[in-house]
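1. sequence first, then the predicted structure:
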Amino acid sequence: MASQIKQLRTAVVGAGKMGQIHAKVLSKLPQSRLVAIVDIQSDKAKKLAKEYKCLAFTDSRELIGKVDAVTIAAPTKSHLALAEIFVANKIPVLIEKPLAASAAEGEIIVALAEKNNMVVAVGHSERCNPVVQAMKRLKIEPKFIEAVRISPYPFRSTDIGVVLDVMIHDIDIILALAQSPVKTVDAVGVNVVGDYEDICNARITFENGCIANVTASRLALKTTRKIRVFSRQAYLSLDFLKKEGVVIKTDPNIDVVKWIRQKQDEGNFDFAGINWPDLLHIEQLNIDDREPLRVEQEAFLNAVADKNNRPEVTAAEGLAALKCAEAILKSLKEHKWD
């Protein structure tokens, strides 16, 4: 007989767009019983709570004693204050990205989580993208990473630039792939529409020698979200939007290299008629297409239920992404365009 899934009492703080999405996911998970919505705007909290037949509050402290886990989907500037309320009262939290309004505030959250031995996860949902999950299973050691995330102007998040808005997704993924401390960061960017950068390119060098080149823009004509990874084991070309990718592994292609060298040594061989892709062993990445926020919440709740498990993105990893983003922003100021 299968063991019964432990159902946790959950709540969402923030009834905005992301809060609505999290509430929908939590209402459907077998290990979750959504019991409350919190928002400082009472009408918004009540409207969302009515939809999911749960309680509505305007004060997060009302949740103490009523919940086992909380998702914080409120504005970034409130993350630290909210995390302090819950973690100090032994309530695990999943905090929407970025972890906090600054690395300094993020460090307080991480220290608080460690002090109270509480699970604190960060909602970098792109880490749960089916393509990234499939790539993780390959366990590659990258030497060079190139990420591009561009789109037309979104008419939202105008209080922050493209680095903290969207590039931070790729920063988190790159840090998870590189598995090494950041050594240097060089970046250049420009603001066009508002007071914050709308376009940014950064080059990140890691202590283990891995290099990443990452570009983000919210002024493009179309949306593109791609990453390419070069390693000794394989070359990967992945498309986050199309949820597809190709893998060219080293071992199956060794015979191709030998054949080319043999023909070169023989001389007078006409390579003009050779179609290079036909020679390679190219595999389509095996992708399990699951909803990223569902994967994210399942991992978080599993970690809450059993601390032998871990969330997809820990508070420490969220802090590392935030620190790298701040280093990029610092470099932008040093290379400011006239």
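-> The structure has been received and is ready for your questions.
2. contacts and neighbour counts: CA atoms only from here.
-> Noted.
3. does Leu332 touch Gly189 like I think?
-> Yes - under the criterion of Cα atoms under 8 Å, Leu332 makes contact with Gly189 at 6.0 Å.
4. more neighbours, the two?
-> Legend: neighbour count by other Cα atoms under 10 Å for Leu332 and Gly189, higher for Gly189 (25 against 21).
5. can you classify the more buried one by secondary structure?
-> Following DSSP: H, G, I helix; E, B strand; the rest coil, the label given to Gly189 is strand.
6. now do Val35
-> Quick answer, by three-state DSSP: Val35 is strand.
7. so who does it touch?
-> By Cα atoms under 8 Å, 6 or more residues apart in numbering, the residues touching Val35 are Arg9, Thr10, Ala11, Cys54, Leu55, Val67.
8. does the fifth one really touch Ala49, like I thought?
-> Yes - contact status for Leu55 versus Ala49: in contact at 5.8 Å, counting by Cα under 8 Å.
9. overlap of the contact sets of the two?
-> Ala36, Ile37.
10. those helices in this structure, which residues are they?
-> Taking DSSP state H, the helices of the chain run over residues 17-28, 42-51, 79-88, 103-116, 130-138, 162, 168-178, 254-266, 276-279, 292-305, 315-334.
11. need those in a markdown table (columns: distance to His124 and mean pLDDT).
-> A markdown table is the format used below for the helices of the chain (distance: least, Cα to Cα, whole Å; pLDDT from 0 to 100):
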| stretch | distance to His124 | mean pLDDT |
| --- | --- | --- |
| helix 17-28 | 12 | 97 |
| helix 42-51 | 23 | 97 |
| helix 79-88 | 15 | 97 |
| helix 103-116 | 15 | 97 |
| helix 130-138 | 12 | 88 |
| helix 162 | 15 | 94 |
| helix 168-178 | 6 | 96 |
| helix 254-266 | 37 | 81 |
| helix 276-279 | 35 | 77 |
| helix 292-305 | 8 | 97 |
| helix 315-334 | 8 | 96 |
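12. which segments of this structure make up each domain?
-> By the assignment in automatic domain parsing, the chain contains the domains 8-124+292-310, 128-290+323-334.
13. end to end on the last one, go ahead and measure it.
-> Between the opening and closing residues of domain 128-290+323-334 lies a distance of 34 Å (Cα to Cα, to the nearest Å).
14. do stretch 186-195 as well
-> End-to-end distance for stretch 186-195: 21 Å, by Cα to Cα.
15. ok now that stretch, how far from the chain's centre?
-> 22 Å (Cα atoms, centre = their mean, to the nearest Å).
16. buried set for that stretch?
-> Neighbour-count burial for stretch 186-195, counted by 16 or more other Cα atoms under 10 Å, picks out Asp186, Ala187, Val188, Gly189, Val190, Asn191.
17. in space, what's closest to the spatially most central residue of the chain - neighbours in sequence excluded?
-> Central residue of the chain (Cα atoms, centre = their mean): His124, 3.2 Å from the mean position. Closest residue in space to His124, ignoring its immediate chain neighbours: Lys97 at 5.6 Å, by Cα to Cα, 6 or more residues apart in numbering.
18. ok, that neighbour touching Ala121?
-> No - look at Lys97 against Ala121 with Cα under 8 Å: they stay out of range, at 9.6 Å.
19. give me the common contacts of these two.
-> Common contacts of Lys97 and Ala121, defined by Cα under 8 Å, 6+ apart, comprise Gly318.
20. Ala316: which of the domains of the chain is closest?
-> Smallest distance to Ala316 across those (Cα to Cα): 6.2 Å, for domain 8-124+292-310.
21. how long is that closest one end to end?
-> This stretch, domain 8-124+292-310, spans 16 Å end to end (Cα to Cα).
22. mind listing the strands for the stretch 101-250 of the chain?
-> Taking DSSP state E, counting those that start in this stretch to define them, one finds strands in the stretch 101-250 of the chain at 120-123, 142-150, 182-190, 199-206, 211-217, 224-231, 234-239, 244-249.
23. make CSV from the ones you listed and add mean pLDDT and distance to Ala321 to it.
-> Below are the strands of the stretch 101-250 of the chain laid out as CSV (pLDDT from 0 to 100; distance: least, Cα to Cα, whole Å):
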stretch, mean pLDDT, distance to Ala321
strand 120-123, 97, 10
strand 142-150, 97, 15
strand 182-190, 96, 10
strand 199-206, 97, 12
strand 211-217, 98, 13
strand 224-231, 95, 17
strand 234-239, 92, 21
strand 244-249, 88, 24
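24. ranking those by burial, who's on top?
-> Highest mean neighbour count among the strands of the stretch 101-250 of the chain (mean count of other Cα atoms under 10 Å): strand 120-123, with a mean of 29.
25. alpha carbons only: can I get it in CSV?
-> Extracted in CSV, the C-alpha atoms of strand 120-123 (Å, rounded to 0.1, in the frame of the first residue of the first chain):
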residue,chain,number,x,y,z
VAL,A,120,14.1,29.0,2.6
ALA,A,121,13.8,28.6,-1.2
VAL,A,122,14.0,31.2,-4.0
GLY,A,123,11.6,31.2,-6.9
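26. what's that strand packed up against?
-> Applying 3 or more Cα pairs under 8 Å, 6 or more residues apart in numbering; DSSP states H and E, we find strand 120-123 packed against strand 93-96, helix 315-334.
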